[in-house]
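Mind folding the following:
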Amino acid sequence: MNEIITTFIFFFAVIDPVGTIPVFIAVTKSCEAKKKNKIAVKAVIIATIVLMFFLVAGEVILNAINVPLTAFQIAGGIVLFLFALTMIFGESKPDEEINEINKESEKAIFPLAIPSIASPGAMIAAVMLTENSLYGIWYQLKISIIMLSVLLITLIFLLLASKLFKLIGNNGASIISRVMGLILASVAVTSVLEGIKLYFKI
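Alright, predicted model coming up:
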């Protein structure tokens with residue numbers, strides 16, 4: 001049970017459904033309610049496809065280019081840690097990604113699906129938590145379900161974005177995003193230490 005909760009919190013931190021709300025509000029501010037819902041659904045579907053691709057094929061791609069998963073785990077942990085630092089000390093996720101909005105781009109794809117929902121951290125997490133040599137198909141299925149549950153929560157948050165944003169505000173979303181960054185930094189350090197332990201067989 002603790003493992004499920006830990007994995008859920010990990011995915012919740014890297015996907016950051018709360019931090020996506022201000023981004024969604026800014027992207028869809030000139031859209032009607034039906035259009036907003038359509039963008040929300042499309043963004044989550046695209047993000048789900050991207051993350052499931054990394055979950056299923058990420059390790060296969062690494063093996064094809066002869067990169068051991070332990071090396072990817074160490075590198076991934078470092079990238080996750082740097083990503084977490086930007087959440088803590090840099091511009092918060094809402095502020096940073098609102099600034100990246102390109103009116104001519106497909107709103108559901110950028111910046112919503114990528115990089116707001118399917119963030120680099122989430123892609124790395126999908127690969128790291130489903131290593132074929134360590135985990136069986138049922139465990140990987142469980143990880144998939146946990147990840148999909150976080151994506152479902154993200155969709156619900158986006159569909160209720162206007163109401164939730166009135167409740168927490170941009171400052172509230174920024175605070176939550178920084179707290180998630182701190183949790184993510186701790187997970188990233190653990191990943192690096194575990195990768196070093198496995199790589200050097202300590």
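
can you tell me how far residue 67 sits from residue 126?
Look at residue 67 and residue 126: by C-beta to C-beta, to the nearest Å, they are 16 Å apart. C-beta: built from backbone N, CA, C; applies to glycine.

okay, the two: which has more neighbours?
Neighbours were tallied for residue 67 and for residue 126 using other C-beta atoms under 10 Å; the higher tally belongs to residue 126 (24 against 13).

which residues does the more buried one contact?
For residue 126, the residues meeting the contact criterion (C-beta atoms under 8 Å, 6 or more residues apart in numbering) are 51, 52, 54, 55, 58, 147.

now the third one: how far from residue 22?
Plainly put, residue 54 is 25 Å away from residue 22 if you go by C-beta to C-beta.

So for the two, which residue has more residues nearby?
When neighbours are counted by other C-beta under 10 Å, residue 22 comes out ahead of the other of residue 54 and residue 22, with 27 against 19.

Looking at the more buried one now. What's its pLDDT?
Model confidence at residue 22, given as pLDDT, is 79.

Test my guess that it contacts residue 172.
No: the pair formed by residue 22 and residue 172 falls short of the contact definition of C-beta atoms under 8 Å, at 9.6 Å.

which other residues reach stretch 187-202?
The set of residues external to stretch 187-202 that reach it, using C-beta under 8 Å, 6+ apart, is 10, 13, 68, 70-71, 73-74, 76-78, 80-81, 83-84, 128.
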